[in-house]
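Trainee: sequence? don't have it. structure:
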Ligand SMILES: [Zn+2]
């Protein structure tokens, strides 16, 4: 992907539109292009995920898979900070909360 993105949802939308693989643990490509594209975010992955517009993200196809990949790029401390910020949101969409609990935390 040949441009930079100001937000994570914007990046995911572009990736899905261009059929860039966002499959976590993809045995064919390792979602390498998508992983690399995370570097085109204008802020760090940590900041972009922390300040994510959740309502916008959950409208994008395959957002949960893309989020799982990006979240996996963070250190444990960064993951903690990001999740704390998400949980401070009063209106956390249920579908998003589900993905956090069952996919990211793998409870
Ligand atoms: Zn792949």
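Mentor: Everything's here; your move. This is a predicted model, so every value here is computed, not measured. Numbering: from 1, shown residues only.
Trainee: Where do the helices of this protein begin and end?
Mentor: According to DSSP state H, the chain carries its helices in the segments 8-17, 32-37, 45-50, 54-57, 63-72, 76-87, 94-99.
Trainee: Let me know which of those helices is the nearest to residue 1.
Mentor: Each of those has some distance to residue 1 by CB to CB; the shortest is helix 32-37, at 4.6 Å. C-beta: built from backbone N, CA, C; applies to glycine.
Trainee: Distance from the chain centre to the helix or strand bottoming out on mean pLDDT in the chain, please.
Mentor: Sorting the helices and strands of the chain by mean pLDDT, DSSP states H and E puts helix 94-99 at the bottom, at a mean of 92. Taking CA atoms, centre = their mean, to the nearest Å, one finds helix 94-99 lying 13 Å from the centre of the chain it belongs to.
Trainee: for stretch 17-27, same thing?
Mentor: Stretch 17-27 sits 13 Å away from the centroid of its parent chain (CA atoms, centre = their mean).
Trainee: How far off centre is stretch 64-75?
Mentor: The answer for stretch 64-75 is 5 Å, by CA atoms, centre = their mean.
Trainee: Tell me the buried residues in it?
Mentor: Of the residues in stretch 64-75, those with enough neighbours to count as buried (16 or more other CB atoms under 10 Å) are 64-71, 74.
Trainee: ok, of the residues you listed, which one's closest to residue 58?
Mentor: When those are compared against residue 58 (criterion: CB to CB), the nearest one is residue 64, at 8.4 Å.
Trainee: Nearest residue to the middle of the protein?
Mentor: When CA atoms, centre = their mean is applied to the chain, the residue found nearest the centroid is residue 67 (2.5 Å).
Trainee: State the pLDDT value of it.
Mentor: Looking at residue 67, its pLDDT reads 97.
Trainee: Chain neighbours aside, what residue packs nearest to it?
Mentor: residue 99 (6.7 Å; CB to CB, 6 or more residues apart in numbering).
Trainee: Residue 70 reaches residue 49, doesn't it?
Mentor: Yes - with contact defined as CB atoms under 8 Å, residue 70 reaches residue 49; the gap is 6.1 Å.
Trainee: No further queries at this time; thank you.
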